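Undergrad: Next one to model:
(one chain, ligands or ions: 1)
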Amino acid sequence: MKRRDFLKTATVGALATAVVPTTALAASNKRFNWKMVTTWPPNMPILQQGAERFAKDIEKMSDRRFRIQVYAAGELIPAMQTFDAVSQGTVEMGHGAAYYWAGKVPAAQFFTAVPFGMNAQGMNAWLHSGGGLKLWRDLYKPFNLVPYPMGNTGVQMGGWFRKKINSVNDLKGLKMRIPGLGGKVMAQAGVNPVLLAGGEIYTALERGTIDATEWIGPYHDLRLGLHRAAKFYYYPGWHEPGPTLELSINSKAWATLPKKFQVMVETAAAAANSWMLSEFESRNLDALQELKQKHKVKVYAFPDDVLKTLKKLTHKTLEAEAEKD
Ligand code: CA
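TA: Next up, the predicted model:
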């Protein structure tokens, strides 16, 4: 009887292996070739690299059945058209920062960074465990976009100044390259905020067209050579305490992905989220030493009363923004 039971099970088992895999095989053989555009210049360390690592991870996990071709800014479409390209389904994915879309969706700024707001750890806690990601999904839903946090620059630096900042008065009349909410707060303090792309900053500062600039942190600032154009390097980056980077996915394309591939996207995005922050923290530390020791850069903290004033002006700015939207 035992032998008969065994044979019965074996037969069912054999049938099962004969039938189930045929359908499973057909589904798993389906291939996906997607495009991803980013807002980063080609070869931009950590940022563009992170997007490329993400795509390679998925390719490996899927045995090359899910491939994502990554395009840097301008290679397929200009950086600032990323949101629209993914929203309209011209491409399936984008990588950038939500605050670039403030002109279309003012609340998007909260999902990158708010002056005097949360650092990377706080942003991750809020997005993953505090309901933040649900709010982000709701905000992007009308645009056919599914967002994921994918990377964080860590706390940035306050910026490079051509003169010392001893009080709020020293900010008045300065021309400073500082985008976003930080720029709006600086404007309240008497600064003339200027918008410049990364490639234009060095020349503008070196020639004195601007008096100050923020960029990212020691690693990227050193690469841009900003220490050769301004003497005073300030911290903290009160305006960008932990900017989160975003992966955006066209929602119709997302719905066509098998669950397994969706899990691969989520897993690879989480891995890239952690990898980028680790790279920033580690490389910034080395670059800061190089700036101080090799290039004799003087690093200063903003005076307390400057930070207190900027914090007050931040509350005022946020209230004004909230009234409008
Ligand atoms: Ca910045």
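
Undergrad: show me the contacts for the residue nearest to the spatial centre of the chain.
TA: By C-alpha atoms, centre = their mean, the mean C-alpha position of the chain lies nearest to Leu245, the distance being 1.5 Å. Neighbouring residues of Leu245 by C-beta atoms under 8 Å, 6 or more residues apart in numbering: Leu47, Gly50, His95, Gly96, Ala97, Thr112, Pro149, Met150, Gly151, Asn152, Thr153, Met276. C-beta here means a position set from N, CA and C on the backbone, and glycine is covered the same way.

Undergrad: Ok, Pro241 next?
TA: Listed by C-beta under 8 Å, 6+ apart, the contact partners of Pro241 are Ala113, Pro115, Phe116, Gly117, Met118, Asn119, Val155, Gln156.

Undergrad: which ones among the residues you listed come in contact with the ion?
TA: Restricting those to those adjacent to the ion (criterion: C-beta under 5 Å from the ion) gives Gln156.

Undergrad: ok, the contacts of Pro241 vs the ion, which is closest?
TA: Within these, distances to the ion taken as C-beta to the ion reach their minimum at Gln156, with 4.9 Å.

Undergrad: wait, what's in contact with the closest one?
TA: Applying C-beta under 8 Å, 6+ apart, we find Gln156 in contact with Glu214, Ile216, Gly217, Gly237, His239, Glu240, Pro241, Pro243.

Undergrad: switch the cut-off to 6 Å
TA: Gln156 makes contact with Ile216, Gly217, Gly237, Glu240, according to C-beta atoms under 6 Å, 6 or more residues apart in numbering.

Undergrad: likewise Met150?
TA: Met150 sits next to Leu245, Leu247, Ala269, Ala272, Asn273 when contact means C-beta under 6 Å, 6+ apart.

Undergrad: Up against the ion, what does the stretch 101-250 of the chain have?
TA: Residues of the stretch 101-250 of the chain lying near the ion by C-beta under 5 Å from the ion: Gln156, Glu214, Glu240.

Undergrad: hmm, which two among the contacts of Leu245 are most spread apart?
TA: Taking C-beta to C-beta as the measure, the contacts of Leu245 span a maximum distance of 15.3 Å, between Gly50 and Thr112.

Undergrad: how near is the residue nearest to Gly158 when sequence neighbours are not counted to the ion?
TA: Leaving aside its sequence neighbours, Gly158 sits nearest to Tyr234 (C-beta to C-beta, 6 or more residues apart in numbering; 3.7 Å). For Tyr234, the distance to the ion equals 13 Å [C-beta to the ion, to the nearest Å].
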